[in-house]
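In: Sequence first, then the predicted structure, then my questions.
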Amino acid sequence: MNKILAVLFLLALPLTASAQLSVGIRGGYATSTYSYQGSASTRSRSVDGIGAPTFAVVVEYFNAKNAGVEFNAQQLTLGFRQLSEEEHVNHTELTYLKMPLLASFFAGRSGRFQIKFGPHLGFLLRSEDIAREYSGATPPELPTYGGSTDRPDKLMYGMTAGAGISKLFGKSTISGEVRFAYDFTNPEGQDRIYDMSSTNLEFTLAYLFRIKEQKSKR
């Protein structure tokens, strides 16, 4: 899957001779929330999420005056903290390699306002049960995902949107951004609960360096 994504991105690069290519890094903090149905006959419930650092390698390509695409290879940790009525806690963390491919539009010259949106794919790198203090609840609690007998679904997919501001300094760009993502991700691979989804919110800063200049038009 990631080979196909890389090929599609590389094929898009030569679409025009008037292009600008930048690479860099992005880092910050991400929070997540989960909702789930324990069974088909129960209503969806939300559980507390977690917060964790996130970082990414960024490739930004503009092939029009105010529009382009952005690809990220991002490490992102999602998770939940579920409390019982007796205040016992179950805490699980799921770390993914997330790869958003976003359409990017901006207004301004050296100071820019940007909006971005597009799909993302990802793969589970690690799952860990930080705390498991109760089980056997009604309706069912969220199951474990880091045990030796657990077989979580490793695929992540969903939609990402973001907005931010950036400042150009010669060939360098510094930007701040807020992103929201909805994941159709359901790590449950053993039918222990009926359905599950998550959202996450990211607050990040990025540094990009231009490695290909945009040709001026006469």
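Out: Nice, I can see it. Numbers count the residues shown, from 1 in each chain.

In: For residue 163, which residues are in contact?
Out: If you count contacts by Cβ atoms under 8 Å, 6 or more residues apart in numbering, residue 163 has them with 113-116, 177-178. Any C-beta I mention is one placed from the backbone N, CA and C, and that applies to glycine too.

In: residues near residue 110, how many?
Out: Look at residue 110: counted by other Cβ atoms under 10 Å, it has 10 neighbours.

In: what pLDDT does it get?
Out: Note on residue 110: pLDDT of 80.

In: Okay, it and residue 166: tell me how far apart.
Out: 9 Å (Cβ to Cβ, to the nearest Å).

In: Over to residue 210?
Out: Using Cβ to Cβ, residue 210 is found at 12 Å from residue 166.

In: Quick check: neighbours shared by the two?
Out: Counting by Cβ under 8 Å, 6+ apart, the shared contacts of residue 210 and residue 166 are residue 173.

In: so after whatever helix or strand residue 34 lives in, what's the next helix or strand?
Out: Residue 34 belongs to strand 20-37 when assigned by DSSP states H and E. Using DSSP H and E, the helix or strand that directly follows strand 20-37 along the chain is strand 45-49.

In: Buried by neighbour count: which residues of that following strand qualify?
Out: Residues 47, 49 are the ones in strand 45-49 that count as buried (16 or more other Cβ atoms under 10 Å).

In: strands paired with it, and their directions?
Out: Using DSSP bridges, strand 45-49 pairs in its sheet with strand 20-37 (antiparallel), strand 67-83 (antiparallel).

In: and the one residue sitting closest to the centre of the chain, what are its bridge partners?
Out: Centrality entry for the chain: nearest residue to the mean C-alpha point is residue 98, 5.4 Å, by Cα atoms, centre = their mean. Taking DSSP bridges, one obtains residue 74, residue 122 as the residues bridged to residue 98.

In: quick one, what contacts the residue nearest to residue 42 when sequence neighbours are not counted?
Out: In space, and not counting its chain neighbours, residue 42 is closest to residue 139: 4.7 Å by Cβ to Cβ, 6 or more residues apart in numbering. Contacts for residue 139 (Cβ under 8 Å, 6+ apart) come out as 38-39, 42, 45.

In: 10 Å instead, please
Out: Contacts here follow Cβ atoms under 10 Å, 6 or more residues apart in numbering; on that basis residue 139 touches 36-39, 41-43, 45, 193-194.

In: Just the buried ones from these?
Out: 36-38, 193-194.

In: Quick check: the farthest pair among the residues you listed?
Out: 36 and 194 (7.8 Å; Cβ to Cβ).

In: which residues do those two both contact?
Out: Common neighbours of residue 36 and residue 194 (Cβ under 10 Å, 6+ apart) are 42, 44, 139-140, 186, 188.

In: mind putting the residues you listed in TSV, pLDDT and distance to residue 156 included?
Out: Formatted as TSV, the shared contacts of residue 36 and residue 194 follow (pLDDT from 0 to 100; distance: Cβ to Cβ, whole Å):
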residue	pLDDT	distance to residue 156
42	86	25
44	90	20
139	80	25
140	86	23
186	84	10
188	89	13
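
In: returning to that earlier point: out of the contacts of residue 139, which comes closest to residue 62?
Out: residue 36 (39.9 Å).
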